[in-house]
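Pasting a predicted model and its sequence here:
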Amino acid sequence: MVNTKTQSKVFISHGNDEEAITTVAKFVENLGLRATVLDVQTTNGLTAIENLEKYSDDTEFAIALLTPDDVGAFKDEAGRQLKPRAHQNVIFELGYFIGKLDPNRVCLLYKEGIELPSYIPKLVYVPMDSANDWKFKLGQEMRNAGLPIDMNKIL
């Protein structure tokens, strides 16, 4: 049995795509890491930001999972072409972890066709493709950040 206290902790920031959340969390856990998904943690009467602070305390890496849960457009383009976007909490948490950890310890994993945040230096953008190439790229990023990743477990 693995001691979860000694496992490297990976925080997964997400919207409403349950299938994508489950897929990413299982991938992280199959690598021998501990996946933290805020929605499944106990709140203990804390506010959302207090829970974020509590459950991110010993996080070593964060994945911002951008899925098309909202739509939006630039003010001048409103009403013309609404584009799929991630929930605003995911964008907020992305910035939170960039500040808390470092851009080299945060990866933006996104579904194709979603509007992405403007270029953020040092942040890696990985498309969540159907061929599952994202798993190798994400594993590589976590390994580059110093997490104990056995790349053979990805195959």
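Right, received. Where do you want to start?

From now on I want contacts and neighbour counts done on CA atoms only, so please keep to that.
Noted.

so where is this structure shaky, pLDDT-wise?
For the chain, applying pLDDT under 70 flags the ranges 1-6, 77-79.

One more pass at 50, please.
1-2 (pLDDT under 50).

tell me the strands in it, going along the chain?
Along the chain, counting by DSSP state E, strands occupy 9-13, 34-37, 59-66, 70-72, 83-85, 106-110, 124-127.

Give the partner strands of the first one in its sheet and their orientations.
The reference is to strand 9-13. Strands adjacent to strand 9-13 in the sheet, as given by DSSP bridges, are strand 34-37 (parallel), strand 59-66 (parallel).

Could I have the CA atoms of the last one written out in PDB?
It refers to strand 59-66. The C-alpha coordinates for strand 59-66 follow below in PDB (Å, rounded to 0.1, in the frame of the first residue of the first chain):
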ATOM      1  CA  THR A  59       1.100  20.700  -3.900                       C
ATOM      2  CA  GLU A  60       4.100  20.200  -6.000                       C
ATOM      3  CA  PHE A  61       2.500  20.500  -9.500                       C
ATOM      4  CA  ALA A  62      -0.800  21.900 -10.800                       C
ATOM      5  CA  ILE A  63      -2.700  21.000 -13.900                       C
ATOM      6  CA  ALA A  64      -5.200  23.600 -15.200                       C
ATOM      7  CA  LEU A  65      -7.700  21.500 -17.200                       C
ATOM      8  CA  LEU A  66      -9.500  23.700 -19.700                       C
END
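
got a list of contacts for it?
Strand 59-66 is contacted by residues 8-15, 21, 85-87, 90-91, 93-94, 97, 101, 105-111, 114, 142, 145, 147 when judged by Cα atoms under 8 Å, 6 or more residues apart in numbering.

Buried ones from the residues you listed, can you make that a PyMOL selection?
Listed next is the PyMOL selection for buried residues among these, using 16 or more other Cα atoms under 10 Å:
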select buried, resi 8+9+10+11+12+13+14+15+21+85+86+87+90+91+93+94+97+105+106+107+108+109+110+111+114+142+145+147
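
coming back round to it: can you add distance to Glu53 and give the strands of the chain back as a markdown table?
Supplementary listing: those in a markdown table, determined by distance: least, Cα to Cα, whole Å:
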| stretch | distance to Glu53 |
| --- | --- |
| strand 9-13 | 11 |
| strand 34-37 | 12 |
| strand 59-66 | 10 |
| strand 70-72 | 25 |
| strand 83-85 | 25 |
| strand 106-110 | 16 |
| strand 124-127 | 23 |
